[in-house]
Structure formats: structure tokens, C-alpha cells
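K.L.:
Show me how the following folds:
(one chain, ligands or ions: 1)
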Amino acid sequence: MSSVKNILFIGGTGYIGGPILSRFIEREDPNLSLTALVRSPEKVEKLHKLNVRGLKLVIGSHNDVPLVERLVSEADVVFSMADCDDLQAAESILRGLKRRCEVTHVKPILIHMSGTGCLADGAQGAFSSETVYSDLDVAQIETLPATQPHRNVDLAIVEADNQGYTETYIVLPGLVLGTPHGILAREGVQNPTNLAFAALIRASFKRGAAGLRGEGKNIIAVADVTEVADLVEILYDSVIANTAEVGHGRYGYHFVSSADIIFEKIVDVIESRAGKRRAFTQEELDLYFPNQPSLQAFFGDNGRADSARARALGWKPVKATEEFLLTLRDEIEHWQL
Ligand SMILES: NC(=O)c1ccc[n+]([C@@H]2O[C@H](COP(=O)([O-])OP(=O)(O)OC[C@H]3O[C@@H](n4cnc5c(N)ncnc54)[C@H](OP(=O)(O)O)[C@@H]3O)[C@@H](O)[C@H]2O)c1
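P.N.:
A predicted model of the protein is given here:
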């Protein structure tokens, strides 16, 4: 059997996916054959100009079912980092993985980006929760119903692992902040900021009042975009090395949280330039975040998570709450509408 590993990236030009794809490009490993499915022809053009050896580019959407099934069926490892709420795209990926396993008789690997939005508790900014979800506590995670944000997709992925044709790993970051680094960021190929969070800041500036849900008493998990890539890289290396501690399927949830922040602290920073805080009405939420119910909820929900699995694999995040707030202060200071 060939020792070359085929890795497929979906969402590799995104804010989170960019540093991850960059790391694999920068490995310059002749035993890795990288393919990126990219929907934007402009980004494909920019990537072509970089002339990265061993990187194949395919223009298309993850909603193109036959294309996704075919690309996935040719991969040993798939990074799915485009949209954690798109069940149809996830199902195409899973069918492709099944085909791969039927042909090679080796279980392909899926590393899927989800988020702590699944921990939503309906607080709407009214209270701070004491509950911290641990990714080692499978029973606690399994109390989350399928109706929670991202959960229908996560459950379909875990079920695929149960069926035995793939090994799945789900990575669940909290709010991701910071400046992405790596070749895609340097060359202006990837999304440079967290678009969802930027939408909150933009909405705050537009209405002349820092936006929040209720009183902003909810506590959320936060992670730095570089440290998210660190975790994914450690996870990939541990999976490939067959490290005993790596769980998959129902044991394969990996929260990414290095600090907890009470939402009102974030609002303190936004308020310094956008104007005195005022809670969003439902009409405003629908105006500024249309068709994004999980995001609307995320701004007001508690979502505290302990990354015990990743730490057991050697992940050592260093960013703390005050550094996240400083980063944010810097971003707000230079914000242009
Ligand atoms: N950012 C956060 O704080 C955060 C926290 C937790 C979970 N998440 C989840 O993590 C995932 C990635 O987040 P992100 O912040 O990196 O988002 P992002 O910057 O919007 O990146 C999404 C990536 O997926 C690609 N994509 C989107 N729709 C596609 C389609 N139909 N076909 C092919 N590619 C498509 C985008 O392509 P383009 O390059 O053309 O835009 C981009 O590369 C999302 O599911 C998000 O909900 C994000």
C-alpha cells in the first residue's frame, strides 16, 4: 500500500481553516497529498499563484453532492471546517467516507469543526451558569438533545463512527479570536477575521450601541485561532500515531477553550467605540444576523467547556481572559465600518 496520505480540506480558506491548511502546506511532507475544495474562484486563483507543491485545488461547493462524495472517497483524512450546521454537506462527506472504507478496507478519518454553541442553555444574557461541560464526560455531553445548535450534524457524525466505516473526531471551539498566521493569512487568501463576531461589532457600530442579549451575564468559552490550529495539529498527529489516549466517535469530542469570559466584559470593550450598550430586540437580531438562529442564541447563552481531552494529548493553550480582551480592544480601536 502507498505510504502517501491523501488529505482533503473543506473550508480551508476560512478564519479557522486557514491556519490549519497552512500548517499542512508548511510541513512540505512528500508523503502528504493535499486537496482543497474551495468555493471562491478568486481564492483558487490566489492559491494557484502560490504554486504550492502537492496541493491540488478543486473549485466547488460542499453542497455539490456528487463532487463531495467523490473527493471524500479518494481521501484518507478529511478536515470538514466549512459549516457545522449543514447536515446535507455532512451526509455527503459521510457517504464518501463509507465508499472509501468499502474500497480500501481501512477506516478513513474525519476531523470535523463544530462549536460550543451546542451547549446553549437559553440564558439570553440573564444569568451566569456554573455548569462546565467536560469533553471527558461523555454522559454529560449525551444529555444534549439533537435540537441543540450543531447537534444534528455532530450526532450523524458520531453515528457514522458507531457504524464502523470511519473514525470521527469532533472539535468544538468556543468563540475564536485573534489574528490568523501562516501562508494563507500572509498571502491574503483566507478570511482574516471571525466573520460572525465581526457581524456583532458591525451591528453595534451601525445602531450606535454595543449589542448584547439581555444583560450579558452569560459566560462563554474562548480560544485563540492559533491555539485552535495547535490543537487540531496535535489531534491529527496523535490519531496518525495511534496514540492510546485519543478517543473517537462518542469519545471523540474535543472542546477548545482556554478561557471563560462573561459576555458583559466583551461588551465593555465594544462600548468604548460603538456607543453605550443596549440589548438587541428580536427585530434587530433578525436584521443583523438573518437566518442565523444559532448565532443569535450564542451571543446570549452560557457555554463553558473544559478541554480535558486535548490537554491530555499535550495541548497547552496560554492565552488568558485579559489577553483576549486586549486583542479585542486593539481590534475595536482600528475598526473601520
Ligand atoms: N469563528 C468562531 O468563533 C467559531 C467558533 C465555533 C465554531 N465555529 C464553526 O467553525 C466553522 C468555521 O468557522 P470560521 O469562523 O472559520 O468560518 P468562515 O471564516 O466563514 O470559514 C468557512 C469556510 O468554509 C468555506 N465554505 C462556506 N460555505 C461553503 C460551501 N458551500 N462550499 C465550500 N466551502 C464553503 C468558506 O469559503 P470562503 O473562503 O469562500 O468564505 C470558508 O473557507 C463554522 O461551521 C463555524 O460555525 C466557528
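
K.L.:
helix, strand or coil for N191?
P.N.:
For N191, the reduced secondary structure class is coil; criterion used: DSSP: H, G, I helix; E, B strand; the rest coil.

K.L.:
number of nearby residues for it?
P.N.:
18 (other CB atoms under 10 Å). Placement of C-beta: from N, CA and C, glycine included.

K.L.:
nearest residue to it other than its sequence neighbours?
P.N.:
For N191, ignoring the flanking residues on the chain, the nearest one in space by CB to CB, 6 or more residues apart in numbering is Y15 at 4.4 Å.

K.L.:
Might you report the residue contacts of the nearest residue to L119 once chain neighbours are set aside?
P.N.:
The shortest distance from L119 to any residue other than its chain neighbours is 4.1 Å, reached at G303 (CB to CB, 6+ apart). Counting by CB atoms under 8 Å, 6 or more residues apart in numbering, G303 touches T116, G117, L119, A120, D121, G174, N218, I219, I220, A221.

K.L.:
For G303, grab phi and psi.
P.N.:
phi -160, psi 80 (degrees, to the nearest 10).

K.L.:
If it is in a bridge, with which residues?
P.N.:
The residues listed as beta-bridge partners of G303 by DSSP bridges are I220.

K.L.:
Make 48 the first number, not 1, from now on.
P.N.:
In the new numbering, first residue 48, that becomes G350.

K.L.:
Distance-wise, check it relative to the ligand.
P.N.:
G350 is 10 Å from the ligand, where distance means CB to the nearest ligand atom, to the nearest Å.

K.L.:
circling back: could I get the contacts of G350 in TSV, plus columns for pLDDT?
P.N.:
Below are the contacts of G350 laid out as TSV (pLDDT from 0 to 100):
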residue	pLDDT
T163	98
G164	97
L166	98
A167	96
D168	97
G221	97
N265	98
I266	98
I267	98
A268	98
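
K.L.:
re earlier: surely the residue nearest to N238 meets P227?
P.N.:
Yes: in terms of CB atoms under 8 Å, Y62 counts as a neighbour of P227; the distance is 6.4 Å.

K.L.:
shared neighbours, these two?
P.N.:
Both Y62 and P227 are contacted by Q237, P239, V272, under the criterion CB under 8 Å, 6+ apart.

K.L.:
Give me the phi and psi for the first one.
P.N.:
Going back to what we said before, that points to Q237. According to degrees, to the nearest 10, Q237 has phi -100, psi 170.

K.L.:
Ignoring the adjacent residues along the chain, who's closest to it?
P.N.:
For Q237, the nearest residue in space outside its immediate sequence neighbours is G65; the separation is 2.9 Å by CB to CB, 6+ apart.

K.L.:
ok so that neighbour is a helix residue?
P.N.:
Yes: G65 forms part of a helix when assessed by three-state DSSP.

K.L.:
and stretch 129-141, what's its mean pLDDT?
P.N.:
Stretch 129-141 shows an average pLDDT of 98 in the prediction.

K.L.:
ugh, wrong one, I meant stretch 341-360
P.N.:
Here the average pLDDT along stretch 341-360 is 96.

K.L.:
got the end-to-end distance for that stretch?
P.N.:
With CA to CA, to the nearest Å applied, stretch 341-360 spans 30 Å between its terminal residues.

K.L.:
Would you mark the buried spots in it?
P.N.:
Residues 341-354, 356-357, 360 are the ones in stretch 341-360 that count as buried (16 or more other CB atoms under 10 Å).

K.L.:
Tell me which of these fall in helices.
P.N.:
The helices in this structure, assigned by DSSP state H, contain S341, L342, Q343, A344, F345, R356, A357 from the buried residues of stretch 341-360.

K.L.:
and whichever residue of the stretch 98-247 of the chain sits closest to the ligand, backbone torsions?
P.N.:
Of all residues in the stretch 98-247 of the chain, the one sitting closest to the ligand is G162 (2.8 Å; CB to the nearest ligand atom). Recorded main-chain torsions at G162 are phi -170, psi 160, according to degrees, to the nearest 10.

K.L.:
Nearest the geometric middle of the chain, what residue?
P.N.:
Closest to where the C-alpha atoms of the chain average out (CA atoms, centre = their mean) is M160, at 4.2 Å.

K.L.:
hang on, isn't that one packed against P220?
P.N.:
Yes: M160 sits in contact with P220 when judged by CB under 8 Å, with a separation of 7.4 Å.

K.L.:
ok, for the closest residue to the ligand within the chain, nearest residue in space, not its chain neighbours?
P.N.:
Nearest residue of the chain to the ligand (CB to the nearest ligand atom) works out as G61 at 2.1 Å. Spatial nearest neighbour of G61, chain neighbours left out: N238 (5.3 Å); criterion: CB to CB, 6+ apart.

K.L.:
Verify the stated contact: the one you found with G59.
P.N.:
No: counting by CB under 8 Å, N238 stays clear of G59, with 10.8 Å between them.

K.L.:
anything in contact with each of the two?
P.N.:
The contact sets of N238 and G59 overlap at G65 (CB under 8 Å, 6+ apart).
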